[in-house]
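A.B. asks: Build me a model:
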Amino acid sequence: GDAVFTGLYDHETERLWFTSRGWEVILQKSGKSMKIKTSGVKSLDKDTSGMVDHGPCSKLEDFLRFTQLYKKSWVTNISSAGVHLASVASGNFSGTDFYASWLQKPEELVSGILLIENAGGVVTDFDGNALRDKPYDFNARYEVIAAATPELAEDIRKNILSKEKAKD
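C.D. replies: Got it, this is the predicted structure:
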């Protein structure tokens, strides 16, 4: 939450996202720059596009918690979390509305939080608390919902089953 400037470069697509606190988010590709915003999507439906990061050594109960997201939206996983988060920030350009993970490393979140918030979105934990307010712990793993709007984040949060329900 203390980041004041951030940037992310995807070597594969040669895209560069950057922003500074209080500024718009800029995407550069092929020498051209454009201001970007999240998609503005407010709820899950078959046209909602998102990414779910399963993380290492996932348990079956963790997969089961996300079954509603798979049923109600189009879910993929194509790259690193940094690129997923930048894609949510540039939803009006890339078509990505959300990103969710139950084991996210903090070093990939630092850039994503500022990019998404400055582009109009939110990044929360599974309880709806802003991730920017959590202390940075390099050894921690965080539950993450990054969404185009607070409404979409809440819809996703309601559709993620608790660990207890996933065990049943």
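A.B. asks: can you give me the helices in the chain?
C.D. replies: Remark: helices assigned in the chain by DSSP state H are 60-65, 67-72, 81-89, 91-94, 106-118, 150-159, 163-167.
A.B. asks: and these, which is most packed in?
C.D. replies: Neighbour counts (mean count of other CB atoms under 10 Å) averaged over each of the helices of the chain peak at helix 81-89, with a mean of 27. All C-beta atoms are positioned from the backbone trio N, CA, C, and that covers glycine.
A.B. asks: Tell me the helices and strands packed up against it.
C.D. replies: Under the contact definition 3 or more CB pairs under 8 Å, 6 or more residues apart in numbering; DSSP states H and E, helix 81-89 sits against strand 5-10, strand 15-20, strand 49-53, strand 98-104, helix 106-118, strand 142-147.
A.B. asks: among these, which is nearest Asp127?
C.D. replies: Between Asp127 and the helices and strands packed on helix 81-89, the tightest spacing by CB to CB is seen for strand 142-147, at 8.2 Å.
A.B. asks: Now do that closest one against strand 98-104: the angle between them, please.
C.D. replies: Interaxial angle, strand 142-147 versus strand 98-104 (axes from the mean of the first three to the mean of the last three CA atoms, to 10 degrees): 180 degrees.
A.B. asks: contacting residues for the closest residue to Lys134 other than its chain neighbours?
C.D. replies: Closest residue to Lys134 apart from its sequence neighbours, by CB to CB, 6 or more residues apart in numbering: Tyr142 at 6.9 Å. Residues in contact with Tyr142 (CB atoms under 8 Å, 6 or more residues apart in numbering) are 101, 103-106, 109, 125, 131, 134.
A.B. asks: Pull out the buried residues from those.
C.D. replies: Using 16 or more other CB atoms under 10 Å as the burial test, the contacts of Tyr142 include 101, 104-106, 109, 125, 131 as buried.
A.B. asks: Distance to Ala153 and pLDDT for those residues - can I get that in CSV?
C.D. replies: CSV is the format used below for the buried ones among the contacts of Tyr142 (distance: CB to CB, whole Å; pLDDT from 0 to 100):
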residue, distance to Ala153, pLDDT
Ser101, 13, 87
Gln104, 15, 84
Lys105, 20, 82
Pro106, 19, 84
Leu109, 15, 83
Asp125, 10, 94
Leu131, 11, 91
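A.B. asks: Max pairwise distance over the residues you listed: which two?
C.D. replies: Put simply, by CB to CB the two of the buried ones among the contacts of Tyr142 set farthest apart are Lys105 and Asp125, 14.4 Å from each other.
A.B. asks: sorry, back to before: of all the helices and strands packed on helix 81-89, which one comes closest to Leu64?
C.D. replies: Among these, the nearest to Leu64 by CB to CB is strand 98-104 (11.3 Å).
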